[in-house]
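Novice: Fold the following, please.
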Amino acid sequence: MSARALAGDLRLPLFTLRLDGLITKHLGETASKLRLVFDAMQDTRGVYLFDEVDALAGERSTGNDVGEIRRVLNSFLQFLEQDGADSLLVAATNHPQLLDRAFGRRFDVRINFPLPSPSVTRAVLENRLAGMGSRLAWNRILPASQGLSHADLTAAAETAAKEAILAGRKTVTTARVVESLISRQRPTAS
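Specialist: Numbering: from 1, shown residues only. Got it, this is the predicted structure:
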């Protein structure tokens, strides 16, 4: 969402890099594809989003990685160092603790998005459900939203609204919002 907002404000196209198409099992191929991305950044000015970048930029000192991913990270670091493009590179992760420290040093700005407070949660949900004109029981909704990110809240609200529209209703029910929020909760490790 932040990369989309940056691209909009800068009036630049947003390019989202799908790591499943970038990472391959063949030796050297991932780094070659990564070079193509950096070449494209030189040729086409835009905002380039590397989502879930920890798949490429994980800590090199962990004992469970393979040599190829270390080589890919080294290539990535070199490409970042040599990058002179007028493009903006955005890297996103839900697991910053997994990132290699050298990778983090290559960025001018690091932004941490903490989970929203109850008041922010309510504002996000009210904003996304504004056209649905319903009275919602916030004492039931807020507990169901704990641990969810801004993106999770947005997606849950939009899912509830779409389902109401498809069912021919003009309002969203509290029960449907709660159900949609709960469906976005991640299982906790026991």
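Novice: leaving aside the residues next to it on the chain, what's closest to L12?
Specialist: G46 (4.8 Å; C-beta to C-beta, 6 or more residues apart in numbering). Placement of C-beta: from N, CA and C, glycine included.
Novice: confidence score at that neighbour?
Specialist: Model confidence at G46, given as pLDDT, is 94.
Novice: all strands of this structure, in order?
Specialist: For the chain, the strands defined by DSSP state E occupy 14-17, 47-51, 88-92.
Novice: can I get the ones you listed in JSON lines with mean neighbour count and distance to I165?
Specialist: Listed next are those as JSON lines, based on neighbours: other C-beta atoms under 10 Å; distance: least, C-beta to C-beta, whole Å:
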{"stretch": "strand 14-17", "mean neighbour count": "16", "distance to I165": "27"}
{"stretch": "strand 47-51", "mean neighbour count": "21", "distance to I165": "28"}
{"stretch": "strand 88-92", "mean neighbour count": "20", "distance to I165": "30"}
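Novice: could I get the ones you listed as TSV with distance to H150?
Specialist: TSV is the format used below for those (distance: least, C-beta to C-beta, whole Å):
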stretch	distance to H150
strand 14-17	18
strand 47-51	15
strand 88-92	13
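Novice: show me the contacts for the residue nearest to L12.
Specialist: 7, 12-15, 87-88 (C-beta atoms under 8 Å, 6 or more residues apart in numbering).
Novice: Tell me the one among these nearest to A155.
Specialist: Nearest to A155 among these, counting by C-beta to C-beta, is L14 at 18.1 Å.
Novice: Okay, that closest one and D100: tell me how far apart.
Specialist: 25 Å (C-beta to C-beta, to the nearest Å).
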